[in-house]
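Asks: sequence? don't have it. structure:
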């Protein structure tokens, strides 16, 4: 069974929204700080159990799936008819939204991965030799911001897909028009 544009748009939308939801929940569940426990010459930070790291990585995975699906949906040969990339990039609107979608996906990936990895490091490296440490957590707001940009990225992929569909239709209309003028059958 062949994949349709409608199915690809649903895949991109689903994983974009899923990435957003995971990122927002991860931001809301992140503790403000840990509890410092004094030891002999060290401070051990105890953090409450929370799903921030797991949700952060799930958000990243969903974003990657949405981005890969969005990218491949633009160049997939629907109904067995492929279009050269040069035809798609001839459209200025398509080129602009394609680049915005790529940039926003990269920015979202950065803003979600950075605090997720930082939080994982805080949880695993919780013994500090600085007795004045206050048991920090990852920077507040980055996960939520990354989640919103992740949703924006999925929306930009959908706009680029609509513009690619328009460029495909124009290309095939143009090709069929030339074939009718020359009398060549497709």
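Replies: Perfect, thanks for sending it. Because the structure is a prediction, the values reported are computed rather than measured. Numbering: from 1, shown residues only.
Asks: CA atoms for contacts and neighbours, from now on please.
Replies: Noted.
Asks: Pretty sure residue 51 is one of the things residue 27 touches, is it not?
Replies: No: in this structure residue 27 lies outside contact range of residue 51 using CA atoms under 8 Å: 9.8 Å.
Asks: who's more crowded, the two?
Replies: With neighbours defined as other CA atoms under 10 Å, residue 27 and residue 51 compare such that residue 27 has more, 28 against 13.
Asks: For that one, list the residues it contacts.
Replies: 52, 140-144 (CA atoms under 8 Å, 6 or more residues apart in numbering).
Asks: list the buried ones in the helix or strand hosting it?
Replies: Residue 27 is part of helix 5-29, with elements assigned from DSSP states H and E. Neighbour counts over helix 5-29 (16 or more other CA atoms under 10 Å) mark 5, 8-9, 11-27 as buried.
Asks: what angle separates the longest helix along the chain from helix 5-29?
Replies: The single longest helix within the chain, with elements called by DSSP state H, is helix 142-182. Counting by axes from the mean of the first three to the mean of the last three CA atoms, to 10 degrees, helix 142-182 lies at 170 degrees to helix 5-29.
Asks: I figured residue 46 hits residue 126, correct?
Replies: Yes: look at residue 46 against residue 126 with CA under 8 Å: they come within range, at 7.2 Å.
Asks: Mutual contacts of the two, please.
Replies: By CA under 8 Å, 6+ apart, residue 46 and residue 126 have no common neighbours.
Asks: Name all residues that make contact with the closest residue in space to residue 9 that isn't next to it in sequence.
Replies: Spatial nearest neighbour of residue 9, chain neighbours left out: residue 158 (6.3 Å); criterion: CA to CA, 6 or more residues apart in numbering. Taking CA under 8 Å, 6+ apart as the criterion, residue 158 is in contact with 9, 12-13, 70.
Asks: For these, which two are the farthest from each other?
Replies: For the contacts of residue 158, the farthest-apart pair by CA to CA is 13 and 70; their separation is 9.1 Å.
Asks: tell me, what's touching those two both at once?
Replies: Common neighbours of residue 13 and residue 70 (criterion: CA under 8 Å, 6+ apart): 154, 158.
Asks: and the contacts of residue 158 as TSV, adding pLDDT?
Replies: Formatted as TSV, the contacts of residue 158 follow (pLDDT from 0 to 100):
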residue	pLDDT
9	95
12	97
13	97
70	96
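Asks: which one among these gets closest to residue 162?
Replies: Of all these, residue 162 sits closest to residue 9, with 9.2 Å by CA to CA.
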